[in-house]
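Peer 1: Got a sequence here, can you build the structure:
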Amino acid sequence: MHNISRRRFAQHTLGGSLGLAAAVALPGLARAQSGMTELVVAEPVHSTGYLPLYVALNQGYFTEEKINLKVLTVESGSGHTNAVLTKQAFAFIGGPEHNAFAKAKGAELRAVVNVVNRGNVYLVARKGTSPKDKNYGAYMKGKRIATGFYGGTPNSITRYLIKEWGLQATDVELQELSVAAGLAAIKAGAADVAVVTEPLLTRGVREGLWDEPFFNIPMELGDYAYSTLNVRKESIDTEPQVVAGFVRAVVKGLKATYANPAMAAEIAKKEFPTMALDDMKATIDRSFADSIWSKDGRIAPGAWTTGSKVVRAANILKTDVAYTEIIDMRFVS
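Peer 2: Have a look, this model is predicted:
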């Protein structure tokens with residue numbers, strides 16, 4: 001029996017985040033009752049990309065570490081990071097570049113375990129309008145692109161690619177939206193291209209909104225520390241045993257996902273009960289085919305090099321930040 005509890009909210013400001021904390025009386029900010037440590041993980045979207053985390057929850061791996069974990073969905077570019085910085089959450093799942101952003105402002109966050117080791121987004125175009133060749137610069141010029149909020153990794157990848165393809169941000173129209181709104185924008189004819197992730201990708205294909213991705217980020221960029229679990233350095237310094245147990249549970253979730261895909265698929269069904277089973281199967285199959293998830297929780301230096309290159313090229317991160325300044329692998333065995 002697992003102990004998942006997930007709340008969802010949208011926010012755009014730190015102030016909104018604080019207000020919400022008061023409203024729902026977040027339980028995961030503090031310690032423990034009855035021998036269990038109460039922790040909260042903030043996620044930017046509820047995504048099959050985070051399946052190993054949900055596997056760890058459902059399989060009771062956190063409970064084995066005497067952790068009662070709750071997951072909150074915070075749909076904004078940096079709301080999940082802010083939740084940790086303001087101690088409303090113990091950890092957030094997202095790119096370690098958010099730790100670099102925070103460091104530039106004097107905060108200390110560390111990625112302690114890897115989950116998604118590929119850039120887990122795909123570029124799709126409205127049905128029948130995908131580019132005919134790899135001259136992406138010519139194709140994208142003038143396009144209306146639905147992508148994530150500024151500060152989020154999908155947005156950074158979008159800006160990186162625009163530059164890589166020889167364009168300026170002003171050569172396209174960026175529509176910075178929630179993930180779900182990207183599908184709506186294509187559906188309404190308000191966007192030409194969308195930067196999407198699963199399960200939205202498969203849903204759009206099945207609804208005939210777009211074709212298969214014309215640019216596969218996982219395959220194009222390779223190893224990429226896309227979604228790690230990140231905590232305050234203060235947590236490492238003051239409660240290393242809690243961080244260690246948290247990391248062990250996540251690593252168990254990663255290994256179980258690869259060892260038993262059928263079990264992982266069943267958990268995905270529970271987490272996404274309204275998703276059509278065919279869509280779910282296609283989503284999970286794509287994730288395995290594209291080697292989305294880390295197999296051991298480690299963040300290789302090269303995976304951060306790719307992440308850093310993206311945010312530096314996108315000019316979202318203004319200075320180089322070393323691996324050891326934002327990533328701490330001491331708990332991954």
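Peer 1: Report the buried residues of stretch 179-189.
Peer 2: Residues 179, 181-183, 185-186 are the ones in stretch 179-189 that count as buried (16 or more other CB atoms under 10 Å). No exception for glycine: its C-beta is placed from N, CA and C like everyone else's.
Peer 1: ok, those vs Thr73, which is closest?
Peer 2: Of all the buried residues of stretch 179-189, Val179 has the smallest distance to Thr73: 10.6 Å, by CB to CB.
Peer 1: residues touching that closest one, list them.
Peer 2: The contact partners of Val179, by CB atoms under 8 Å, 6 or more residues apart in numbering, come to 45, 47, 75, 148, 154, 196-197, 200.
Peer 1: Sketch out the low-pLDDT regions of this structure for me.
Peer 2: Residue ranges of the chain with pLDDT under 70: 1-34, 76-77.
Peer 1: Show me how it divides into domains.
Peer 2: As assigned by the TED database, the chain contains the domains 37-119+222-325, 122-221.
Peer 1: Run through the strands of the stretch 201-333 of the chain in chain order.
Peer 2: For the stretch 201-333 of the chain, the strands defined by DSSP state E, counting those that start in this stretch occupy 215-216, 223-232.
Peer 1: For Gly137, find the nearest of those.
Peer 2: Of all these, it is strand 215-216 that lies closest to Gly137, at 12.2 Å by CB to CB.
Peer 1: residues making contact with that closest one?
Peer 2: Strand 215-216 has contacts (CB under 8 Å, 6+ apart) with 122-123, 136, 161, 290.
Peer 1: from the chain's centre, how far out does that strand sit?
Peer 2: Relative to its chain's centre, strand 215-216 lies at 17 Å (CA atoms, centre = their mean, to the nearest Å).
Peer 1: What strands line up against that strand, and which way round?
Peer 2: Next to strand 215-216 in the sheet, as set by DSSP bridges, lie strand 122-125 (antiparallel).
Peer 1: The nearest residue to Lys66 once chain neighbours are set aside: what's it in contact with?
Peer 2: Residue nearest to Lys66 in three dimensions, not counting chain neighbours: Met36, with 5.4 Å by CB to CB, 6 or more residues apart in numbering. Listed by CB under 8 Å, 6+ apart, the contact set of Met36 reads 63, 66-68.
Peer 1: rewinding a little: which of the strands of the stretch 201-333 of the chain is buried the deepest?
Peer 2: Highest mean neighbour count among the strands of the stretch 201-333 of the chain (mean count of other CB atoms under 10 Å): strand 223-232, with a mean of 27.
Peer 1: That one pairs with which strands?
Peer 2: Strand partners for strand 223-232, identified by DSSP bridges, are recorded as strand 91-94 (antiparallel), strand 109-118 (antiparallel).
Peer 1: that older thread, now go through the contacts of Val179 and say which are in strands.
Peer 2: With strands defined by DSSP state E, the entries of those inside them are Val196.
Peer 1: Dump the contacts of Val179 to JSON lines, plus neighbour count and distance to Val55.
Peer 2: Conversion of these to JSON lines gives the following (neighbours: other CB atoms under 10 Å; distance: CB to CB, whole Å):
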{"residue": "Val45", "neighbour count": "21", "distance to Val55": "17"}
{"residue": "Ser47", "neighbour count": "23", "distance to Val55": "13"}
{"residue": "Glu75", "neighbour count": "22", "distance to Val55": "22"}
{"residue": "Gly148", "neighbour count": "27", "distance to Val55": "25"}
{"residue": "Pro154", "neighbour count": "28", "distance to Val55": "23"}
{"residue": "Val196", "neighbour count": "28", "distance to Val55": "23"}
{"residue": "Thr197", "neighbour count": "25", "distance to Val55": "18"}
{"residue": "Leu200", "neighbour count": "22", "distance to Val55": "21"}
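Peer 1: related to what we said a few turns ago, closest to Gly222 out of the buried residues of stretch 179-189?
Peer 2: Scanning the buried residues of stretch 179-189 for proximity to Gly222, where the rule is CB to CB, the winner is Val179, at 23.2 Å.
Peer 1: Many thanks, we can stop here.
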